[in-house]
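1. okay, predicted coordinates and the sequence, questions at the end:
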Amino acid sequence: MTVDGMPGEAGRRPRPARRLALAVALTAAFALLCCTGGAAGMFFDAADQGEIFALSASDCGEGGPVDVNGPMPSVASYSSSQLRNAAVIIRVGADLKVPPRGWVIAVATAMQESTLNNLPHLGTENDHDSVGLFQQRPSQGWGRPAQLRDPAYSARKFYQKLLTVKGWQTMPLTEAAQRVQVSAYPDAYAKHEPVATEIVNLLASGAARSVRAGEELRCAGAGEVAASGWTHPVPGSVGSGFRTGGRPDHHGVDIAAPKGTVIRAAAAGRVLVSQCDPDQYGRLSCNVDGSPAKQGCGWFVDILHAGNVVTRYCHMVEKPLVNEGDRVAAGQQIGKVGSSGNSSGPHLHFEVHRRGDRSAAGAVDPVPFMRQRGAAFGKAT
């Protein structure tokens, strides 16, 4: 159910437990920080909703949304009718020339509100008079009940409200969705972002890896935030890869960059850690250049993102620009490249952890993870 911010309604009631149980949850327990471990990333395995499609890394939405009346693929636990509703949402966004980031936000919102089912009025189980994919309320001016049961109409109304939200493309998905929905559960949308991104990629030729350039879509470039909500932390290619033969305990990738190069948050999230990593002697010596004989990340930051993904940024030149608990936007400056800690020269050591596990056990290769989200690095050397 949604509220349009109109007079006569201060908020919304909690959704009945039976309805909430329909939502797809991506949850994981946090592990203790292990600074000598690493992290990286990839698409979730079968236990984490699965990598549900195969696309070339060059696919960035040029093919457009799929035929909403054609056959639907199998995606996680979603039926053909649910995926058809997602296809309608994407098609309406494309017709309105809404950037693909809006398609991801809209699909994730409908996943939370209705699990992509076009719900009728549910009588005593209903949350006020909300109906349809987005649980919009006729009494709040969204439209007549029959109109709101039309997926194309309800999607159009969602996009029209979203486009009035200043800065919606760069804010966290859950915040943008909440500005439209005014939900009693403002953080509920975030957990759907990873699967919503995959659905948009599947149904729209990899559009979640794109940005809009005039009338066309193209792959996101360095410094641009893709529709997935991800971007490059620093420009450049991978110089030392993930767990190579020569460095099996290298749980991230190294990207060479001049000292002082801006480091940006790879996606929106919340800062978990912002500190100096002690060396092997327990000393906090991050304000000087490190060496290969030293241990630790030096100055580093960990950020928690949607889907319980954690990214790590090591060897900063000075104290990070963000603090524990800060909310950051995708592309926001969080620090500068340096050579503190276990480092032989200026570079960013970048890691991604899954399931919220910040130890080495949660480490996966950042290269395919970032490529799937439209923020591909150059090849490792």
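-> That came in fine, so what should we check first? Numbers count the residues shown, from 1 in each chain.
2. so Asp254: helix, strand or coil?
-> With DSSP: H, G, I helix; E, B strand; the rest coil as the basis, Asp254 sits in strand.
3. C-alpha coordinates for stretch 354-374, CSV please?
-> Taking C-alpha atoms only, stretch 354-374 is exported to CSV below (Å, rounded to 0.1, in the frame of the first residue of the first chain):
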residue,chain,number,x,y,z
ARG,A,354,28.9,-11.9,0.2
ARG,A,355,26.5,-13.0,2.9
GLY,A,356,27.8,-10.3,5.1
ASP,A,357,30.9,-12.4,5.9
ARG,A,358,33.8,-10.0,6.1
SER,A,359,36.4,-12.8,6.7
ALA,A,360,38.4,-14.6,4.0
ALA,A,361,35.6,-17.3,4.0
GLY,A,362,33.3,-14.7,2.3
ALA,A,363,35.8,-13.7,-0.3
VAL,A,364,34.9,-14.1,-4.0
ASP,A,365,36.4,-12.6,-7.1
PRO,A,366,35.5,-9.0,-7.6
VAL,A,367,36.1,-9.0,-11.4
PRO,A,368,33.0,-11.0,-12.4
PHE,A,369,30.9,-9.4,-9.7
MET,A,370,31.6,-5.9,-10.9
ARG,A,371,31.3,-7.0,-14.6
GLN,A,372,27.8,-8.3,-14.1
ARG,A,373,26.8,-5.0,-12.5
GLY,A,374,28.1,-2.8,-15.3
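4. go through it and flag the buried ones.
-> Using 16 or more other C-beta atoms under 10 Å as the test for burial, stretch 354-374 gives 354-360, 362-370, 372-374. Using the backbone N, CA and C atoms, a C-beta is placed for each residue, glycine as well.
5. do stretch 306-324 as well
-> Applying a neighbour-count criterion of 16+ other C-beta under 10 Å, the buried positions in stretch 306-324 are 306-317, 320-322.
6. which regions of this protein lie under the pLDDT threshold?
-> The chain contains residues with pLDDT under 70 at 1-58, 121-128, 379-381.
7. can you list the domains in it?
-> 65-204, 238-372 (automatic domain parsing).
8. distance to Val225 added to the ones you listed, as JSON lines?
-> Conversion of the domains of the chain to JSON lines gives the following (distance: least, C-beta to C-beta, whole Å):
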{"stretch": "domain 65-204", "distance to Val225": "7"}
{"stretch": "domain 238-372", "distance to Val225": "5"}
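9. which stretch among those comes nearest Val211?
-> Each of the domains of the chain has some distance to Val211 by C-beta to C-beta; the shortest is domain 65-204, at 7.2 Å.
10. just the terminal-to-terminal distance for the closest one.
-> One end of domain 65-204 to the other measures 4 Å (C-alpha to C-alpha, to the nearest Å).
11. show only the entries of the buried residues of stretch 306-324 found in strands.
-> Helix and strand membership here follows DSSP state E; of the buried residues of stretch 306-324, those in strands are Val309, Val310, Thr311, Arg312, Tyr313, Cys314, His315, Met316.
12. can you tell me which residues contact the first one?
-> Listed by C-beta atoms under 8 Å, 6 or more residues apart in numbering, the contact partners of Val309 are Gly41, Pro194, Ala267, Val352, His353, Arg354.
13. what residue of the chain is the furthest out?
-> Tyr281 (37.3 Å; C-alpha atoms, centre = their mean).
14. element containing Tyr159?
-> If you go by DSSP states H and E, Tyr159 is part of helix 151-162.
15. what is that helix packed up against?
-> helix 80-95, helix 100-114, helix 145-148, helix 173-181 (3 or more C-beta pairs under 8 Å, 6 or more residues apart in numbering; DSSP states H and E).
16. for that helix, buried residues please.
-> So helix 151-162, judged by 16+ other C-beta under 10 Å, has buried residues Pro151, Ala152, Tyr153, Ser154, Ala155, Arg156, Lys157, Phe158, Tyr159, Lys161, Leu162.
17. my guess is Ser339 contacts Val317, does it?
-> Yes. Here Ser339 reaches Val317: they are 7.2 Å apart, a contact under C-beta atoms under 8 Å.
18. shared neighbours of those two, anything?
-> Shared contacts of Ser339 and Val317 (C-beta under 8 Å, 6+ apart): Lys259, Pro346.
19. ok, back up a step: from Gly296, how far out is the residue farthest from the centre of the chain?
-> Counting by C-beta to C-beta, to the nearest Å, the separation of Tyr281 from Gly296 is 10 Å.
20. out of the contacts of Val309, which end up buried?
-> Buried members of these, scored by 16+ other C-beta under 10 Å, are Gly41, Pro194, Ala267, Val352, His353, Arg354.
21. in strands, which of those residues appear?
-> Val352, His353.
22. so Glu318 touches Gly298, yeah?
-> No. Using C-beta under 8 Å, Glu318 is not in contact with Gly298, being 9.9 Å away.
23. I appreciate the help and will end here.
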